[in-house]
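1. fold the following.
(one chain, ligands or ions: 1)
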Amino acid sequence: MKSLRLDFTYGLEAGKILANLIERQDGSTVAALKESIGQAYRTLLDGTGAGNDFLGWVRLPAQIPASELDAMLAKAEDFKKKSQLFVCIGIGGSYLGTRAVTEALKPQLASRMPGCPAIVYAGHQLGQDYMNELLELLDQHDYTLCVISKSGTTTEPAIAFRLLRNHLEKKYGKEEARQRIVAITDRAKGALRTLATEEGYTTYMVPDNIGGRYSVLSPVGLFPLAVAGIDIKALVAGAAQMQERLIADQLDWTGNIAAQYALFRQIQYAAYGKKVELLVNFESRFYYLSEWWKQLYGESEGKQGKGLFPSNAGFTTDLHSLGQYIQDGERLFFESVLSLEKQNTRIVIPQDARNLDGMNFVAGKEMAYVNQKAEEGTLMAHSEQGNVPVLRICVPELNALHIGELIYFFEFACGLSGYSMNVNPFDQPGVEAYKQNMFRLLGK
Ligand code: PA5
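-> Alright, predicted model coming up:
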(Lines give C-alpha, C1' and ligand atoms only; values in the text may rest on other atoms or scores of the structure.)
Protein backbone atom coordinates (compact mmCIF):
# COMPACT_ATOMS: atom_id res chain seq x y z
CA MET A 1 0.00 0.00 0.00
CA LYS A 2 1.52 3.32 -1.11
CA SER A 3 1.88 6.10 1.42
CA LEU A 4 3.46 9.53 1.78
CA ARG A 5 7.27 9.57 1.65
CA LEU A 6 10.03 12.14 1.92
CA ASP A 7 12.82 12.55 -0.61
CA PHE A 8 16.01 14.30 0.51
CA THR A 9 17.80 13.90 -2.83
CA TYR A 10 17.82 17.65 -3.38
CA GLY A 11 18.41 18.53 0.26
CA LEU A 12 22.08 19.43 -0.16
CA GLU A 13 24.25 19.27 2.91
CA ALA A 14 21.47 19.48 5.47
CA GLY A 15 19.61 16.70 3.73
CA LYS A 16 22.73 14.56 3.69
CA ILE A 17 23.40 15.26 7.35
CA LEU A 18 19.85 14.30 8.13
CA ALA A 19 20.09 11.12 6.06
CA ASN A 20 23.30 10.23 7.91
CA LEU A 21 21.85 10.99 11.31
CA ILE A 22 19.00 8.63 10.75
CA GLU A 23 21.64 5.89 10.50
CA ARG A 24 24.31 7.15 12.88
CA GLN A 25 24.58 9.35 15.94
CA ASP A 26 27.10 12.03 15.02
CA GLY A 27 27.33 15.76 14.32
CA SER A 28 27.05 18.50 16.96
CA THR A 29 24.39 21.19 16.37
CA VAL A 30 22.37 18.77 14.33
CA ALA A 31 22.64 16.06 16.97
CA ALA A 32 21.34 18.57 19.54
CA LEU A 33 18.41 19.42 17.26
CA LYS A 34 17.72 15.74 16.81
CA GLU A 35 17.71 15.33 20.57
CA SER A 36 15.25 18.22 20.93
CA ILE A 37 12.88 16.65 18.39
CA GLY A 38 13.14 13.38 20.30
CA GLN A 39 12.18 15.19 23.50
CA ALA A 40 9.36 17.00 21.71
CA TYR A 41 8.05 13.59 20.57
CA ARG A 42 7.79 12.42 24.20
CA THR A 43 6.31 15.74 25.34
CA LEU A 44 3.65 15.60 22.63
CA LEU A 45 2.69 11.99 23.25
CA ASP A 46 2.86 12.15 27.05
CA GLY A 47 0.93 15.42 27.09
CA THR A 48 3.38 17.14 29.40
CA GLY A 49 4.09 20.34 27.44
CA ALA A 50 2.58 23.81 27.19
CA GLY A 51 -0.88 23.78 25.65
CA ASN A 52 -1.42 20.17 26.66
CA ASP A 53 -5.15 20.79 27.02
CA PHE A 54 -5.23 21.12 23.21
CA LEU A 55 -3.91 17.69 22.23
CA GLY A 56 -7.24 16.13 21.28
CA TRP A 57 -6.19 15.99 17.62
CA VAL A 58 -3.22 13.68 18.32
CA ARG A 59 -5.25 10.49 18.72
CA LEU A 60 -8.44 11.76 17.06
CA PRO A 61 -8.43 10.03 13.65
CA ALA A 62 -8.38 6.48 15.03
CA GLN A 63 -11.03 7.37 17.62
CA ILE A 64 -13.78 8.82 15.42
CA PRO A 65 -16.73 6.39 15.65
CA ALA A 66 -18.15 5.25 12.29
CA SER A 67 -21.60 6.13 13.69
CA GLU A 68 -20.52 9.79 14.03
CA LEU A 69 -19.40 9.87 10.39
CA ASP A 70 -22.65 8.16 9.32
CA ALA A 71 -24.75 10.73 11.18
CA MET A 72 -22.89 13.60 9.49
CA LEU A 73 -23.22 11.89 6.10
CA ALA A 74 -26.99 11.50 6.60
CA LYS A 75 -27.41 15.21 7.41
CA ALA A 76 -25.14 16.06 4.48
CA GLU A 77 -27.44 14.04 2.16
CA ASP A 78 -30.40 16.07 3.37
CA PHE A 79 -28.49 19.31 2.62
CA LYS A 80 -27.42 18.04 -0.82
CA LYS A 81 -31.07 17.41 -1.78
CA LYS A 82 -32.14 20.85 -0.61
CA SER A 83 -29.42 22.98 -2.16
CA GLN A 84 -27.56 24.07 -5.26
CA LEU A 85 -25.22 26.15 -3.11
CA PHE A 86 -23.83 25.43 0.31
CA VAL A 87 -22.44 28.39 2.26
CA CYS A 88 -19.65 27.62 4.67
CA ILE A 89 -19.18 30.43 7.23
CA GLY A 90 -15.94 30.55 9.23
CA ILE A 91 -12.44 31.98 9.36
CA GLY A 92 -8.91 30.69 10.04
CA GLY A 93 -8.94 27.16 11.36
CA SER A 94 -12.73 27.07 11.07
CA TYR A 95 -12.58 27.37 7.27
CA LEU A 96 -9.14 26.72 5.75
CA GLY A 97 -9.16 22.94 6.23
CA THR A 98 -12.47 22.58 4.38
CA ARG A 99 -11.25 24.77 1.55
CA ALA A 100 -7.88 22.97 1.37
CA VAL A 101 -9.42 19.51 1.04
CA THR A 102 -12.24 20.58 -1.28
CA GLU A 103 -9.97 22.43 -3.67
CA ALA A 104 -7.53 19.51 -3.73
CA LEU A 105 -10.18 16.94 -4.59
CA LYS A 106 -13.01 18.57 -6.55
CA PRO A 107 -12.78 19.16 -10.29
CA GLN A 108 -10.81 22.38 -10.72
CA LEU A 109 -12.82 24.18 -13.35
CA ALA A 110 -16.22 23.03 -12.12
CA SER A 111 -17.55 24.67 -8.99
CA ARG A 112 -18.75 21.40 -7.48
CA MET A 113 -18.40 17.64 -7.20
CA PRO A 114 -20.98 15.89 -9.42
CA GLY A 115 -24.36 15.68 -7.65
CA CYS A 116 -23.31 17.99 -4.80
CA PRO A 117 -23.94 21.65 -4.09
CA ALA A 118 -21.16 24.08 -4.95
CA ILE A 119 -19.48 25.29 -1.80
CA VAL A 120 -19.14 29.06 -1.28
CA TYR A 121 -17.41 30.74 1.63
CA ALA A 122 -18.39 33.60 3.88
CA GLY A 123 -17.13 35.11 7.12
CA HIS A 124 -13.49 34.58 6.11
CA GLN A 125 -13.01 38.33 5.49
CA LEU A 126 -14.97 41.58 5.76
CA GLY A 127 -15.27 42.60 2.08
CA GLN A 128 -18.61 44.33 1.56
CA ASP A 129 -18.78 43.86 -2.23
CA TYR A 130 -18.14 40.13 -1.75
CA MET A 131 -21.06 39.90 0.68
CA ASN A 132 -23.37 41.83 -1.64
CA GLU A 133 -22.46 39.56 -4.57
CA LEU A 134 -23.02 36.51 -2.41
CA LEU A 135 -26.46 37.72 -1.28
CA GLU A 136 -27.42 38.35 -4.92
CA LEU A 137 -26.25 34.87 -5.87
CA LEU A 138 -28.25 33.38 -3.02
CA ASP A 139 -31.38 35.19 -4.25
CA GLN A 140 -31.18 33.02 -7.35
CA HIS A 141 -30.31 29.62 -5.91
CA ASP A 142 -31.54 27.19 -3.31
CA TYR A 143 -29.04 27.01 -0.51
CA THR A 144 -28.17 25.65 2.90
CA LEU A 145 -25.54 26.93 5.29
CA CYS A 146 -23.17 25.92 7.97
CA VAL A 147 -21.71 28.35 10.50
CA ILE A 148 -18.50 27.32 12.23
CA SER A 149 -16.95 29.12 15.18
CA LYS A 150 -15.39 27.42 18.15
CA SER A 151 -15.47 30.54 20.33
CA GLY A 152 -18.81 31.55 18.85
CA THR A 153 -17.77 35.19 19.13
CA THR A 154 -15.43 35.82 16.17
CA THR A 155 -16.37 39.07 14.42
CA GLU A 156 -16.10 38.05 10.75
CA PRO A 157 -18.27 34.88 10.87
CA ALA A 158 -20.69 36.47 13.36
CA ILE A 159 -21.40 39.38 10.99
CA ALA A 160 -21.66 37.04 7.99
CA PHE A 161 -24.05 34.73 9.85
CA ARG A 162 -26.22 37.63 10.97
CA LEU A 163 -26.60 38.80 7.34
CA LEU A 164 -27.08 35.32 5.89
CA ARG A 165 -29.53 34.16 8.56
CA ASN A 166 -31.67 37.22 7.81
CA HIS A 167 -31.50 36.41 4.10
CA LEU A 168 -32.34 32.76 4.64
CA GLU A 169 -35.30 33.51 6.94
CA LYS A 170 -36.67 36.06 4.48
CA LYS A 171 -36.32 33.64 1.59
CA TYR A 172 -37.70 30.46 3.19
CA GLY A 173 -39.49 31.57 6.39
CA LYS A 174 -38.18 30.97 9.90
CA GLU A 175 -39.14 27.29 10.17
CA GLU A 176 -37.62 26.14 6.85
CA ALA A 177 -34.55 28.35 7.46
CA ARG A 178 -34.00 26.45 10.70
CA GLN A 179 -33.84 23.18 8.70
CA ARG A 180 -31.22 24.71 6.41
CA ILE A 181 -28.73 25.73 9.07
CA VAL A 182 -26.08 23.66 10.84
CA ALA A 183 -23.98 25.29 13.59
CA ILE A 184 -20.59 23.87 14.60
CA THR A 185 -19.38 25.37 17.86
CA ASP A 186 -18.33 24.80 21.44
CA ARG A 187 -20.23 22.23 23.52
CA ALA A 188 -21.53 24.78 26.00
CA LYS A 189 -20.15 28.31 25.73
CA GLY A 190 -20.22 31.22 23.29
CA ALA A 191 -22.89 33.31 21.62
CA LEU A 192 -23.32 30.85 18.73
CA ARG A 193 -24.06 27.96 21.12
CA THR A 194 -26.73 30.07 22.87
CA LEU A 195 -28.29 31.11 19.56
CA ALA A 196 -28.20 27.55 18.13
CA THR A 197 -29.88 26.16 21.25
CA GLU A 198 -32.56 28.84 21.28
CA GLU A 199 -33.29 28.45 17.56
CA GLY A 200 -33.11 24.63 17.59
CA TYR A 201 -30.47 24.29 14.86
CA THR A 202 -28.73 20.99 14.21
CA THR A 203 -25.33 21.35 15.87
CA TYR A 204 -22.01 19.54 15.93
CA MET A 205 -19.44 20.07 18.60
CA VAL A 206 -15.90 21.38 18.28
CA PRO A 207 -14.07 19.28 20.89
CA ASP A 208 -12.77 21.35 23.85
CA ASN A 209 -9.28 19.96 23.45
CA ILE A 210 -8.81 20.77 19.74
CA GLY A 211 -7.79 24.25 18.57
CA GLY A 212 -8.99 25.77 15.30
CA ARG A 213 -5.99 25.04 13.08
CA TYR A 214 -5.85 21.38 14.20
CA SER A 215 -9.60 20.83 13.77
CA VAL A 216 -10.14 19.82 10.13
CA LEU A 217 -10.60 16.14 11.07
CA SER A 218 -13.32 17.05 13.60
CA PRO A 219 -16.87 18.10 12.56
CA VAL A 220 -15.36 21.54 11.73
CA GLY A 221 -14.02 20.04 8.50
CA LEU A 222 -15.87 16.76 8.21
CA PHE A 223 -19.45 18.05 7.99
CA PRO A 224 -18.88 20.69 5.29
CA LEU A 225 -16.62 18.30 3.40
CA ALA A 226 -19.37 15.67 3.44
CA VAL A 227 -21.83 18.18 1.95
CA ALA A 228 -19.25 19.15 -0.69
CA GLY A 229 -19.06 15.47 -1.70
CA ILE A 230 -15.65 14.51 -0.27
CA ASP A 231 -15.21 10.91 0.91
CA ILE A 232 -14.78 11.77 4.60
CA LYS A 233 -14.41 8.12 5.61
CA ALA A 234 -11.36 7.76 3.34
CA LEU A 235 -10.00 11.09 4.62
CA VAL A 236 -10.24 9.94 8.23
CA ALA A 237 -8.86 6.48 7.30
CA GLY A 238 -5.80 8.12 5.70
CA ALA A 239 -5.21 10.25 8.78
CA ALA A 240 -5.63 7.22 11.06
CA GLN A 241 -3.11 5.31 8.94
CA MET A 242 -0.60 8.14 9.37
CA GLN A 243 -1.38 8.33 13.09
CA GLU A 244 -0.50 4.64 13.40
CA ARG A 245 2.70 5.17 11.45
CA LEU A 246 3.89 8.13 13.53
CA ILE A 247 2.91 7.15 17.06
CA ALA A 248 5.01 4.44 18.71
CA ASP A 249 6.52 3.70 22.12
CA GLN A 250 9.90 4.81 20.81
CA LEU A 251 10.62 7.36 18.10
CA ASP A 252 11.74 5.42 15.03
CA TRP A 253 13.87 7.87 13.02
CA THR A 254 13.96 5.65 9.95
CA GLY A 255 10.17 5.49 9.53
CA ASN A 256 8.85 8.61 11.25
CA ILE A 257 8.56 11.09 8.41
CA ALA A 258 7.03 13.79 10.64
CA ALA A 259 10.09 13.73 12.92
CA GLN A 260 12.34 13.81 9.83
CA TYR A 261 10.46 16.80 8.40
CA ALA A 262 10.49 18.61 11.77
CA LEU A 263 14.24 17.98 12.06
CA PHE A 264 14.93 19.11 8.49
CA ARG A 265 13.09 22.38 9.21
CA GLN A 266 14.95 22.93 12.46
CA ILE A 267 18.30 22.21 10.80
CA GLN A 268 17.51 24.85 8.18
CA TYR A 269 16.33 27.36 10.80
CA ALA A 270 18.72 26.88 13.69
CA ALA A 271 21.85 25.49 12.04
CA TYR A 272 21.72 27.26 8.65
CA GLY A 273 19.91 30.46 9.62
CA LYS A 274 17.08 30.16 7.10
CA LYS A 275 14.15 32.44 7.89
CA VAL A 276 11.52 31.29 5.39
CA GLU A 277 10.07 27.94 4.37
CA LEU A 278 8.53 27.98 0.91
CA LEU A 279 5.91 25.27 0.44
CA VAL A 280 6.04 24.68 -3.28
CA ASN A 281 3.71 22.75 -5.57
CA PHE A 282 3.56 21.86 -9.23
CA GLU A 283 -0.23 21.27 -9.06
CA SER A 284 -2.65 24.17 -8.63
CA ARG A 285 -4.91 21.79 -6.66
CA PHE A 286 -2.50 22.16 -3.74
CA TYR A 287 -2.92 25.95 -3.46
CA TYR A 288 -5.34 25.94 -0.52
CA LEU A 289 -3.49 23.12 1.21
CA SER A 290 -0.57 25.55 1.28
CA GLU A 291 -2.87 28.23 2.71
CA TRP A 292 -4.00 25.81 5.44
CA TRP A 293 -0.37 24.82 6.08
CA LYS A 294 0.63 28.51 6.35
CA GLN A 295 -1.86 29.06 9.14
CA LEU A 296 -0.88 25.82 10.89
CA TYR A 297 2.83 26.62 11.01
CA GLY A 298 2.57 30.41 11.22
CA GLU A 299 0.22 30.45 14.23
CA SER A 300 1.91 27.51 15.91
CA GLU A 301 5.55 28.61 15.70
CA GLY A 302 5.62 32.36 15.12
CA LYS A 303 5.90 33.64 18.67
CA GLN A 304 8.42 34.95 21.21
CA GLY A 305 10.41 36.48 18.34
CA LYS A 306 10.97 33.03 16.81
CA GLY A 307 9.79 30.86 13.94
CA LEU A 308 10.24 30.18 10.25
CA PHE A 309 7.99 32.39 8.14
CA PRO A 310 5.73 30.03 6.15
CA SER A 311 5.26 31.09 2.55
CA ASN A 312 4.20 29.32 -0.63
CA ALA A 313 4.66 29.23 -4.38
CA GLY A 314 2.80 27.48 -7.19
CA PHE A 315 4.97 26.29 -10.07
CA THR A 316 5.44 26.50 -12.90
CA THR A 317 3.26 29.68 -12.67
CA ASP A 318 5.45 31.38 -10.06
CA LEU A 319 8.66 30.38 -11.85
CA HIS A 320 7.66 33.22 -14.15
CA SER A 321 7.40 35.65 -11.22
CA LEU A 322 9.20 34.52 -8.07
CA GLY A 323 11.54 32.23 -9.99
CA GLN A 324 14.19 34.91 -10.43
CA TYR A 325 14.34 35.68 -6.70
CA ILE A 326 14.36 32.03 -5.71
CA GLN A 327 17.24 31.32 -8.05
CA ASP A 328 19.35 34.44 -7.46
CA GLY A 329 18.04 36.56 -4.58
CA GLU A 330 18.85 36.47 -0.85
CA ARG A 331 19.41 32.91 0.41
CA LEU A 332 16.91 33.21 3.25
CA PHE A 333 14.69 30.24 2.51
CA PHE A 334 14.51 26.55 1.81
CA GLU A 335 11.86 24.72 -0.22
CA SER A 336 9.51 21.92 0.80
CA VAL A 337 7.91 20.57 -2.34
CA LEU A 338 4.51 18.88 -2.45
CA SER A 339 5.24 16.42 -5.20
CA LEU A 340 2.44 14.42 -6.84
CA GLU A 341 3.60 11.00 -8.08
CA LYS A 342 0.61 9.81 -10.10
CA GLN A 343 -1.98 11.65 -12.16
CA ASN A 344 -5.70 10.85 -12.15
CA THR A 345 -6.11 11.59 -15.87
CA ARG A 346 -4.07 11.46 -19.11
CA ILE A 347 -3.53 13.93 -21.91
CA VAL A 348 -1.00 13.52 -24.70
CA ILE A 349 0.54 16.46 -26.58
CA PRO A 350 -0.24 16.06 -30.31
CA GLN A 351 2.26 16.11 -33.21
CA ASP A 352 1.86 19.17 -35.45
CA ALA A 353 2.98 18.97 -39.10
CA ARG A 354 4.07 22.63 -39.27
CA ASN A 355 5.59 22.76 -35.77
CA LEU A 356 5.46 26.56 -35.79
CA ASP A 357 5.51 26.64 -31.97
CA GLY A 358 8.54 24.33 -31.96
CA MET A 359 6.86 21.95 -29.53
CA ASN A 360 7.21 18.72 -31.54
CA PHE A 361 10.06 17.70 -29.24
CA VAL A 362 7.42 16.85 -26.63
CA ALA A 363 4.77 15.50 -29.05
CA GLY A 364 3.52 12.09 -27.98
CA LYS A 365 4.40 12.82 -24.34
CA GLU A 366 1.87 13.42 -21.58
CA MET A 367 1.61 16.96 -20.15
CA ALA A 368 2.33 15.41 -16.77
CA TYR A 369 5.66 14.17 -18.14
CA VAL A 370 6.59 17.72 -19.10
CA ASN A 371 5.50 18.93 -15.65
CA GLN A 372 7.59 16.21 -14.02
CA LYS A 373 10.67 17.25 -16.00
CA ALA A 374 9.92 20.90 -15.08
CA GLU A 375 9.91 19.81 -11.44
CA GLU A 376 13.19 17.88 -11.75
CA GLY A 377 14.85 20.70 -13.68
CA THR A 378 13.64 23.33 -11.20
CA LEU A 379 14.75 21.41 -8.13
CA MET A 380 18.17 20.81 -9.69
CA ALA A 381 18.50 24.51 -10.59
CA HIS A 382 17.40 25.67 -7.13
CA SER A 383 19.44 23.20 -5.12
CA GLU A 384 22.61 22.82 -7.24
CA GLN A 385 23.04 26.26 -8.82
CA GLY A 386 20.91 28.31 -6.42
CA ASN A 387 22.09 26.70 -3.18
CA VAL A 388 18.51 26.33 -1.91
CA PRO A 389 17.99 23.22 0.22
CA VAL A 390 15.02 21.24 -1.08
CA LEU A 391 12.91 18.53 0.51
CA ARG A 392 10.24 16.65 -1.48
CA ILE A 393 7.06 15.47 0.24
CA CYS A 394 5.87 12.83 -2.19
CA VAL A 395 2.11 12.22 -2.43
CA PRO A 396 1.43 8.92 -4.25
CA GLU A 397 -1.84 10.09 -5.83
CA LEU A 398 -4.56 12.67 -5.26
CA ASN A 399 -7.38 11.09 -3.29
CA ALA A 400 -9.06 11.58 0.10
CA LEU A 401 -6.93 8.89 1.74
CA HIS A 402 -3.61 10.53 0.89
CA ILE A 403 -4.90 14.01 1.73
CA GLY A 404 -5.91 12.61 5.14
CA GLU A 405 -2.36 11.27 5.54
CA LEU A 406 -0.88 14.61 4.54
CA ILE A 407 -3.02 16.59 6.99
CA TYR A 408 -2.11 14.41 9.95
CA PHE A 409 1.57 14.36 8.90
CA PHE A 410 1.72 18.16 8.84
CA GLU A 411 -0.13 18.50 12.15
CA PHE A 412 2.11 16.01 13.94
CA ALA A 413 5.31 17.53 12.53
CA CYS A 414 4.09 20.98 13.58
CA GLY A 415 3.57 19.85 17.18
CA LEU A 416 7.09 18.35 17.22
CA SER A 417 8.70 21.32 15.57
CA GLY A 418 7.02 23.84 17.90
CA TYR A 419 7.88 21.95 21.07
CA SER A 420 11.47 21.51 19.90
CA MET A 421 11.69 25.35 19.70
CA ASN A 422 10.26 25.71 23.20
CA VAL A 423 7.10 27.49 22.09
CA ASN A 424 3.51 26.48 22.79
CA PRO A 425 2.34 25.25 19.35
CA PHE A 426 -1.31 25.39 20.39
CA ASP A 427 -1.95 29.01 21.35
CA GLN A 428 -2.05 32.24 19.30
CA PRO A 429 -1.73 35.17 21.72
CA GLY A 430 -0.47 37.46 18.94
CA VAL A 431 -3.78 37.50 17.05
CA GLU A 432 -5.48 39.44 19.85
CA ALA A 433 -3.61 42.73 19.25
CA TYR A 434 -5.45 43.72 16.06
CA LYS A 435 -8.79 42.70 17.56
CA GLN A 436 -8.32 44.94 20.60
CA ASN A 437 -7.53 47.94 18.39
CA MET A 438 -10.40 47.15 16.04
CA PHE A 439 -12.90 46.85 18.92
CA ARG A 440 -11.65 50.08 20.48
CA LEU A 441 -11.96 51.88 17.14
CA LEU A 442 -15.45 50.46 16.71
CA GLY A 443 -16.45 51.61 20.18
CA LYS A 444 -17.16 48.11 21.54
O1 PA5 B 1 -6.52 28.34 14.70
C2 PA5 B 1 -7.21 29.12 15.33
O3 PA5 B 1 -7.45 28.94 16.53
C4 PA5 B 1 -7.84 30.32 14.69
O5 PA5 B 1 -7.47 30.48 13.37
C6 PA5 B 1 -9.36 30.16 14.73
O7 PA5 B 1 -9.70 28.96 14.08
C8 PA5 B 1 -10.05 31.33 14.05
O9 PA5 B 1 -9.64 32.52 14.66
C10 PA5 B 1 -11.55 31.20 14.17
O11 PA5 B 1 -11.96 31.09 15.50
P12 PA5 B 1 -13.39 30.60 15.88
O13 PA5 B 1 -13.59 29.21 15.39
O14 PA5 B 1 -13.44 30.68 17.37
O15 PA5 B 1 -14.37 31.56 15.23
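
2. contacts only, for the residue in the stretch 1-150 of the chain positioned nearest to the ligand.
-> Residue of the stretch 1-150 of the chain nearest the ligand, by CB to the nearest ligand atom: residue 92 (2.4 Å). (C-beta placed from N, C-alpha, C; glycine too.) Residues near residue 92 by CB atoms under 8 Å, 6 or more residues apart in numbering: 212, 213, 295, 299.

3. dihedrals phi and psi, residue 145?
-> Per-residue torsions, residue 145: phi -150, psi 160 (degrees, to the nearest 10).

4. again, but for residue 314
-> Backbone geometry at residue 314, expressed as degrees, to the nearest 10, gives phi -110, psi 120.

5. gap between it and the ligand?
-> 23 Å (CB to the nearest ligand atom, to the nearest Å).

6. so for that residue, what's the pLDDT?
-> Note on residue 314: pLDDT of 97.

7. in the sheet, who's paired with it?
-> residue 281 (DSSP bridges).

8. which of the contacts of residue 92 are close to the ligand?
-> Taking CB under 6 Å from any ligand atom as the test, the ligand is in contact with 212, 213, 299 out of the contacts of residue 92.

9. close to the ligand: what parts of the stretch 51-200 of the chain are there?
-> Counting by CB under 6 Å from any ligand atom, the stretch 51-200 of the chain sits next to the ligand at 91, 92, 93, 94, 149, 150, 151, 154, 157.

10. are any of the residues you listed buried, and if so which?
-> Among those, those buried by neighbour count (16 or more other CB atoms under 10 Å) are 91, 92, 93, 94, 149, 150, 151, 154, 157.

11. so who does the fourth one touch?
-> When the contact criterion is CB under 8 Å, 6+ apart, the partners of residue 94 are 148, 149, 150, 154, 157, 184, 212, 215, 220.

12. how about 7 Å then?
-> Residues near residue 94 by CB atoms under 7 Å, 6 or more residues apart in numbering: 148, 149, 150, 212, 220.

13. could you give the bridge partners of the second one?
-> Okay, so that is residue 149. Going by DSSP bridges, residue 149 forms beta bridges with residue 185.

14. coming back round to it: let's have the residues of the stretch 51-200 of the chain next to the ligand in TSV, adding pLDDT and secondary structure.
-> Formatted as TSV, those follow (pLDDT from 0 to 100; DSSP: H, G, I helix; E, B strand; the rest coil):
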residue	pLDDT	secondary structure
91	97	coil
92	97	helix
93	96	helix
94	96	helix
149	96	strand
150	91	coil
151	88	coil
154	94	coil
157	97	helix
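
15. what helix or strand is the most centrally placed residue in the chain on?
-> Nearest to the mean C-alpha position of the chain, by CA atoms, centre = their mean, lies residue 292 at 3.3 Å. Per DSSP states H and E: residue 292 is located in helix 287-301.

16. elements contacting that helix?
-> Judged by 3 or more CB pairs under 7 Å, 6 or more residues apart in numbering; DSSP states H and E, helix 287-301 is in contact with helix 96-105, strand 276-281, strand 309-314, helix 400-420.

17. mind giving me JSON lines with the ones you listed and columns for mean neighbour count?
-> Below are those laid out as JSON lines (neighbours: other CB atoms under 10 Å):
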{"stretch": "helix 96-105", "mean neighbour count": "25"}
{"stretch": "strand 276-281", "mean neighbour count": "23"}
{"stretch": "strand 309-314", "mean neighbour count": "19"}
{"stretch": "helix 400-420", "mean neighbour count": "26"}
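
18. residue 233: which of those is closest?
-> Distance to residue 233, taken as CB to CB, is lowest for helix 400-420 among the helices and strands packed on helix 287-301, at 8.1 Å.
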